[in-house]
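Undergrad: Here is a sequence together with a model predicted from it:
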Amino acid sequence: IPDRQNLTYPQGIAEDKYNMHWSSPNTAKMRTNYYEFVGDYDFDLATVTLTSALRERHSQNAFDADATSGDYQALIAKQGLVAPGRVQGDPNLGGLALDYSSILYNDLHAVGAKTGKLSWIGGFEYYVLNDRVQNILSKTPSGTTPATRSIGTEQIALIDFRSYAAYGSVAYDITDALTLKAEGRYTHDDKSIDSVRVDYGTGAPSGVGFAFVDDKKSSNFSYNVTLSYKINDWLTYAKMGTAYRAGGFNLALGDPRAPKPAPATFDDEDSTAYEVGAKGDLTRNIFVTVAAYRVYVDNLLVQTNNGCFAASTVCPAAATNFIFNAGKARLGGVEVNATGHASFLGGVGRAQVGVSRQWGVITDGPDKGKHGPQRPDWTGSFSLNYRHPIVDDVQGFVNLKGSTRKGGVQEIEQTPPLHDYSSYDLRLGAAYHGLEGALFVNNVANASYIVFEGPSVRRWNFPQTWGVELTYRW
């Protein structure tokens, strides 16, 4: 465990969090093929457009699962740093995640020519996803029983997802300043999964909670109603609508002894939202948007784990993460964004600043009273751009952007907290017509913060990185 003491090495073995003693490097590869056809025809009363696309993705991720190596374990054992009675774990735990997905997307819609005060849009969608997920976990054979002789396991899951939808939108100008808009969408989802895990050497079934076949069908009608009013250069609006996040499957159900058993499926998350806002010119050079919202959620989707851990007296096994429906929740927030531009020192500068404050609490179910995970209390961002002529048609530019986060919790258990951070990126360069060259430095201040924290692992953000970019647009 980088940067902290643990039970196996009580004297406090600390490794650099970005350079650990892996047995092998972590690698990731991806290849994507994308084909798209777009065609439209103007029928005077409406313009009809057909979009058909096929996307294929092949991905491969190889990783060292134990964050150590045999040489490093031998070194610390020789130095007497292993706790009495403790046995070092297997330094050859590894993994390979393979994924192949094929997505077919079709959309046919019509945009009606505005007739008087009325405008409309209507269309249909059809979506098909076929996904093959393959996870291989390797280890060192260590005994004579089938379990200890194993060199690892292989889990394969075949996921089929088909969805179709019909949608439409109608807007009516009640007056020149007041507009009423209504939108609706009906969606039907049909999902199925076939999962199995076997011993990588023998092909025999391995473990529990990995072999299952399931399917899930769901339908949803979502709508939005917006009333907007123009006041001089400002647009104000009030909006009420519904939405949903589709349910699905948990790929691993975990040990049957788990204190919190993982469900094979989880239901759709439904929400009803209310929002008011305004946007317009604060001054001639400053544009502002302001919005406040309240969201009521039913069947809130949350990730947790089944409560197992190595030293547990109830379930002495590795924890299994899963998604479940936590119950009802009430969420809210306020967002403010401002964009400005000005000419000075012979060049043009632009600035953008955004701040949001959000809150939320679960109001029903076993987690009643808890704050929703992965919702920071505050977020903020800014971007500063300046362009200045250098010579003839060559433009020099500098860009500084940053983001910040504060407050919130990572998990439904309310621990650990989301780690606060502020990070800044800098970019310097010059542009000549379609050609652009730039030097960039990401995470200029080399800020270090934890992205994810678990009982035996920490994941950190990327350290300071820099490089050169050359871009040509035509």
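TA: That came through fine.
Undergrad: alpha carbons only for contacts and neighbour counts from here, please
TA: Fine.
Undergrad: which SSE is residue 251 in?
TA: Using DSSP states H and E, residue 251 sits within no helix or strand.
Undergrad: Next, find the distance separating it from residue 191.
TA: Residue 251 sits at a distance of 13 Å from residue 191 (criterion: C-alpha to C-alpha, to the nearest Å).
Undergrad: more crowded one of the two?
TA: Comparing residue 251 with residue 191 by other C-alpha atoms under 10 Å, the one with more neighbours is residue 251, at 26 against 19.
Undergrad: That one and residue 211 touch, don't they?
TA: No - when contacts are counted by C-alpha atoms under 8 Å, residue 251 is not listed as touching residue 211 (9.2 Å).
Undergrad: Name the residues contacting each of those two.
TA: residue 195 (C-alpha atoms under 8 Å, 6 or more residues apart in numbering).
Undergrad: Would you indicate which residues of the worst-scoring helix or strand of the chain on mean pLDDT are buried?
TA: Every helix and strand of the chain was ranked by mean pLDDT, DSSP states H and E. The lowest is helix 146-149, at a mean of 74. For helix 146-149, the buried set under the neighbour-count rule, 16 or more other C-alpha atoms under 10 Å, is empty.
Undergrad: Poorly predicted segments of the chain, please.
TA: Along the chain, the model assigns pLDDT under 70 to residues 1-12, 147, 310, 455-456.
Undergrad: in it, which spans are helices?
TA: Counting by DSSP state H, the chain has helices at residues 70-78, 146-149.
Undergrad: ok, residues contacting the shortest one?
TA: Looking back up the chat, that one is helix 146-149. 141-143.
Undergrad: Check stretch 393-410 too.
TA: Stretch 393-410 has contacts (C-alpha under 8 Å, 6+ apart) with 371-390, 415-433, 452.
Undergrad: For these, which PyMOL command selects only the ones that are buried?
TA: Of these, the buried ones go into a single PyMOL selection, burial set by 16+ other C-alpha under 10 Å:
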select buried, resi 371+372+373+374+375+376+377+378+379+380+381+382+383+384+385+386+387+388+416+417+418+419+420+421+422+423+424+425+426+427+428+429+430+431
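Undergrad: Please report which of the contacts of helix 146-149 has the highest neighbour count.
TA: Counting neighbours by other C-alpha under 10 Å, residue 141 leads those with 16 neighbours.
Undergrad: so it touches residue 151, yeah?
TA: Yes - contact criterion C-alpha under 8 Å: residue 141 and residue 151 qualify, at 5.5 Å.
Undergrad: Just give the nearest non-adjacent residue to residue 173, would you?
TA: Leaving aside its sequence neighbours, residue 173 sits nearest to residue 179 (C-alpha to C-alpha, 6 or more residues apart in numbering; 4.4 Å).
Undergrad: I'd like the distance between that neighbour and residue 226.
TA: 8 Å.
Undergrad: Over to residue 205?
TA: Going from residue 205 to residue 226 by C-alpha to C-alpha gives 55 Å.
Undergrad: who touches the spatially most central residue of the chain in this structure?
TA: Centroid check for the chain by C-alpha atoms, centre = their mean gives residue 374 as the closest residue, at 10.7 Å. Contacts for residue 374 (C-alpha under 8 Å, 6+ apart) come out as 408-411, 418.
Undergrad: 7 Å instead?
TA: 408-410 (C-alpha atoms under 7 Å, 6 or more residues apart in numbering).
Undergrad: could you measure it against residue 215, distance?
TA: 29 Å.
Undergrad: One more: residue 422?
TA: From residue 422 over to residue 215 the distance is 43 Å, taken as C-alpha to C-alpha.
Undergrad: cool, and residue 154?
TA: Distance, residue 154 to residue 215, using C-alpha to C-alpha: 22 Å.
Undergrad: The two: which is more packed in?
TA: Taking neighbours as other C-alpha under 10 Å, residue 154 and residue 215 compare with residue 154 leading, 21 against 16.
Undergrad: pretty sure residue 437 contacts residue 472?
TA: No - Residue 437 is not in contact with residue 472 according to C-alpha atoms under 7 Å; the separation is 8.8 Å.
Undergrad: Just want to know which of the two has more residues nearby.
TA: A side-by-side neighbour count of residue 437 and residue 472, using other C-alpha under 10 Å, places residue 437 first with 16 against 11.
Undergrad: What's the local residue count around the closest residue to the more buried one other than its chain neighbours?
TA: Once flanking residues are discounted, residue 437 sits nearest to residue 470: 4.5 Å by C-alpha to C-alpha, 6+ apart. The number of residues packed near residue 470 is 11, by other C-alpha under 10 Å.
Undergrad: Residue 193 now?
TA: 20.
Undergrad: Same check on residue 402?
TA: Neighbour tally, residue 402, other C-alpha under 10 Å: 18.
Undergrad: Spatially nearest residue to it, not counting backbone neighbours?
TA: Closest to residue 402 by C-alpha to C-alpha, 6+ apart is residue 424, at 4.2 Å.
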